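# give me coordinates for this.
(2 chains)
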2 protein chains.
Amino acid sequence: MESFKVTKIKGNDKEAIEDSVAVEVPFTLIVDDKELVTLLCMPADLEDLVRGFLFTSGLIKKEGDINKIVIDHQHWVAHVELSNDSIAKELIFKRVYTSGCGRGTLFYDAADLAHKFKIISDFKIEKERIGSLVTEFQRKSETYLKTGGVHSAALADDKAILIFREDIGRHNAIDKVIGKRLKEGGSFEGMIIITSGRLSSEIIFKTQKCAIPILVSRSAPTDQAIKLSRDMGITLVGFARGDRMNIYSHDERII
Amino acid sequence: MESFKVTKIKGNDKEAIEDSVAVEVPFTLIVDDKELVTLLCMPADLEDLVRGFLFTSGLIKKEGDINKIVIDHQHWVAHVELSNDSIAKELIFKRVYTSGCGRGTLFYDAADLAHKFKIISDFKIEKERIGSLVTEFQRKSETYLKTGGVHSAALADDKAILIFREDIGRHNAIDKVIGKRLKEGGSFEGMIIITSGRLSSEIIFKTQKCAIPILVSRSAPTDQAIKLSRDMGITLVGFARGDRMNIYSHDERII
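From the prediction side, this is the model:
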């Protein structure tokens, strides 16, 4: 966060105040000496972001596909070295250049993906637990409360929030949470993703890549997000606030 | 908008309802037979989106740089033919591949850009007018009211909103408004952009490309958005709601 002089107006009152603002940097990922992408992000938990971005974009399959991540905090660059046996090594540049532009997400033949990889999970959770996780999620969103300008994401099990991250971008916040979990070596079984952001198709693809059965947001879904979730076996919850929520797919997991 | 069956939960009440949801499509721009980018967007006003995207990304300099836009509504593809004397023709693919990935915006040497092109404008507006434009803006956001899932953007003069567009992406909504204005052949002098979305650096660059002196949002800015606006001569207004607003730069234009 950084502090700025701001002119605050309320009706006829005009006042000079100091206000906290979220910090944004252009962060470039260089993979095996080739420039891959520039993300606009909040400069915290950058290693988590790199790991999560590479994983949810389909560019690595597991933590072990990364040999080394070196973050240059002066120029906001990450130098990533992939392991030699990484299948992704060959694919990276071809794939990103054909479909990855625009939002940094790859969605090669969405329909095909959906059928190939359907999430099978017996995981169930009480609706009251979803409510209390969302309340805990809100309480943790400190930067948001101060600046009003950031998204949050969390990974939770059926008891509590395990990982919480923030970013100016809703995609980045989710990638950071996933990257952190990968680093810890934990699995995504019986996990829930919670996000402050809108639910578009890209968010569903990220969830699918981790085989996470439940995705919860305070915001609205798009039609694509609903259709993909139904096909992919993901329980999609929107407008989750207090004891209210809308379940758009696979409501058998919310009991 | 599309209608979906949704399980609505409120406390112990569980109810099956029909809910309206915003539609999302992957929309691919093919420029002179080469694939440029795939945007995830709402399938309305797509010609405006193409025009605005090409302009705010710096790929065309004026409306006349486009010979033809043909929209394929079956496959969600735009075929764009640039005019032969368009300078952009040569640049397009080199530039997009080096810095455009991630968010579809180009920002070649931001600091340099800021100094080269500072907006000089005597345009002034009463703070009460900003308040009433923002109220009108809110009233127009019908899709939002129904689905909760879309962003809005508008172009206004000091009297009223002239162009209003919506999209699931905040960048797209702004590009649509700008594209529409370009098509009409109108100038951007004495104009205000209003957006529902957060103010990050990319939004400032879009504003600068049009030399629009005032940018107003209901949401928060990032530090980069404030710094760039100060350098570029843009009046940046955030948290504009009713008779309240925060002015982050060049407050001399709000009287």
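# state the pLDDT value of A:S86.
A:S86 is assigned 70 on the pLDDT scale.
# isn't it up against A:I60?
Yes - using C-beta atoms under 8 Å, A:S86 is in contact with A:I60, at 6.4 Å. Glycine gets a C-beta too; all of them are placed from N, C-alpha and C.
# those two - which one has more neighbours?
Comparing A:S86 with A:I60 by other C-beta atoms under 10 Å in any protein chain shown, the one with more neighbours is A:I60, at 24 against 21.
# need the contact list for the closest residue to chain B within the stretch 151-255 of chain A.
Closest residue of the stretch 151-255 of chain A to chain B, C-beta to the nearest C-beta: A:A220 (3.3 Å). For A:A220, the contact set (C-beta atoms under 8 Å, 6 or more residues apart in numbering or on different chains) comprises A:198-199, A:238-239, B:21-22, B:147-149.
# of the residues you listed, which one scores lowest on pLDDT?
B:T147 (78).
# show the contacting residues for it.
So B:T147 contacts A:220, B:1, B:20-22 (C-beta under 8 Å, 6+ apart).
# in ChimeraX, select just the buried ones from those residues.
Selecting only the buried entries of those in ChimeraX, with 16 or more other C-beta atoms under 10 Å in any protein chain shown as the criterion:
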select /A:220 /B:20,21,22
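# out of the contacts of B:T147, flag the one nearest to A:F117.
Among the contacts of B:T147, B:V21 lies closest to A:F117 (C-beta to C-beta), at 23.7 Å.
# and that closest one, what does it touch?
Taking C-beta under 8 Å, 6+ apart, one finds A:220-223, A:226, B:1-4, B:147, B:149 in contact with B:V21.
# how about the helices in chain A?
Assigned by DSSP state H, the helices in chain A fall at A:46-56, A:88-95, A:110-116, A:127-140, A:142-147, A:170-184, A:201-209, A:223-232.
# ok, A:C41 to A:R165 distance?
11 Å (C-beta to C-beta, to the nearest Å).
# and for A:I193?
Relative to A:R165, and taking C-beta to C-beta, A:I193 is found at 11 Å.
# show me which of the contacts of A:A220 is closest to B:F117.
A:R198 (32.6 Å).
# wait, that closest one touches A:S219, no?
Yes - contact criterion C-beta under 8 Å: A:R198 and A:S219 qualify, at 4.5 Å.
# pick out whichever of the two has more residues nearby.
A:R198 (24 against 17).
# relative to A:H171, how far out is the more buried one?
11 Å.
# ok, now A:L199?
Taking C-beta to C-beta, one finds A:L199 at 12 Å from A:H171.
# so where is chain A shaky, pLDDT-wise?
A:87-116 (pLDDT under 70).
# centroid-nearest residue for it?
Centroid-nearest residue in chain A: A:I174, 1.3 Å away (criterion: C-alpha atoms, centre = their mean).
# ok, that residue - contacts?
Per C-beta under 8 Å, 6+ apart, neighbours of A:I174: A:52, A:56, A:153, A:193, A:195, A:197, A:203, A:206.
# neighbours of A:I203, just the number please.
A:I203 has 27 neighbouring residues, counting by other C-beta under 10 Å.
# before we move on, what about A:D13?
For A:D13, using other C-beta under 10 Å, the count is 9.
# from B:H171, how far off is it?
Applying C-beta to C-beta to A:D13 and B:H171 gives a distance of 34 Å.
# ok, A:R139 next?
31 Å.
# kindly report the same for A:I226.
Distance, A:I226 to B:H171, using C-beta to C-beta: 23 Å.
# so A:D167 touches A:C41, yeah?
Yes - here A:D167 reaches A:C41: they are 5.5 Å apart, a contact under C-beta under 8 Å.
# how about the residues of the stretch 151-255 of chain A by chain B?
With C-beta under 8 Å from any C-beta of the partner chain as the criterion, the stretch 151-255 of chain A meets chain B at residues A:168, A:198, A:200-202, A:219-226, A:239, A:243-248, A:251, A:254.
# again, 7 Å this time
Residues of the stretch 151-255 of chain A lying close to chain B (C-beta under 7 Å from any C-beta of the partner chain) are A:168, A:198, A:200-202, A:219-224, A:226, A:239, A:243-248, A:251.
# pull out the buried residues from those.
Judged by 16+ other C-beta under 10 Å, buried ones among these: A:168, A:198, A:200-202, A:219-224, A:226, A:239, A:243, A:245-248, A:251.
# which of those residues fall within strands?
A:239, A:245-248 (DSSP state E).
# and which of those is nearest to A:L46?
A:F239 (31.4 Å).
# got the contact list for that closest one?
Counting by C-beta atoms under 7 Å, 6 or more residues apart in numbering or on different chains, A:F239 touches A:218, A:220, A:245-246, B:148.
# domain parsing for chain A?
Following automatic domain parsing, one gets these domains for chain A: A:25-109, A:127-253.
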